[in-house]
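Trainee: I would like the atomic coordinates for the input below:
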Amino acid sequence: MNQNFKTAISVLLFVPIYLLLYTLLHEGGHALVILAHGGKIDKFSLGLNAHVSSHGGEFTVFGTALNYIAGMLLPIIIGAIAISLY
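Mentor: Take a look at the predicted model:
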């Protein structure tokens, strides 16, 4: 097989896997903060309309801010751990 063809196939396979993994970590970050504050997860959905639905929990101002940032923070933390182990 041609090296350019292998590279193109690798990129085409990497992109959807990366997007699914990032979405899982993004929504998982929100879910972890919700669970840490005593909330219950009603729905955890991935795909083009990814979201976490929840109810309950006692959120302080810091907890609410942490819930907003957790979507970006968990993928960054996991990525940093993966890079340091590599």
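
Trainee: Okay, and Cys14 sits in which element?
Mentor: Just to correct that, residue 14 is Phe rather than Cys. Using DSSP states H and E, Phe14 sits in helix 3-36.

Trainee: In that helix, which residues are buried?
Mentor: By 16 or more other CB atoms under 10 Å, the buried positions in helix 3-36 come out as 23, 25-34. From N, CA and C alone the C-beta is placed, and that goes for glycine too.

Trainee: Rounded mean pLDDT for that helix, please.
Mentor: Averaged across helix 3-36, the pLDDT comes to 93.

Trainee: Whichever helix or strand comes after that helix versus helix 3-36: what angle between them?
Mentor: Next helix or strand after helix 3-36 toward the C-terminus (DSSP H and E): strand 39-45. Counting by axes from the mean of the first three to the mean of the last three CA atoms, to 10 degrees, strand 39-45 lies at 150 degrees to helix 3-36.

Trainee: what's strand 39-45 in contact with?
Mentor: With contacts defined as CB atoms under 8 Å, 6 or more residues apart in numbering, strand 39-45 is touched by 27, 31, 34-35, 51-57, 59.

Trainee: quick one: which of those residues is nearest Tyr86?
Mentor: Each of those was checked against Tyr86 using CB to CB; the closest is Glu27, at 24.7 Å.

Trainee: Surely that closest one and Leu74 touch.
Mentor: No. Counting by CB atoms under 8 Å, Glu27 sits too far from Leu74 to count as a contact (9.2 Å).

Trainee: Could you point out which of the buried residues of helix 3-36 is nearest to Leu12?
Mentor: Leu12 lies nearest to Thr23 out of the buried residues of helix 3-36, by CB to CB, at 18.1 Å.
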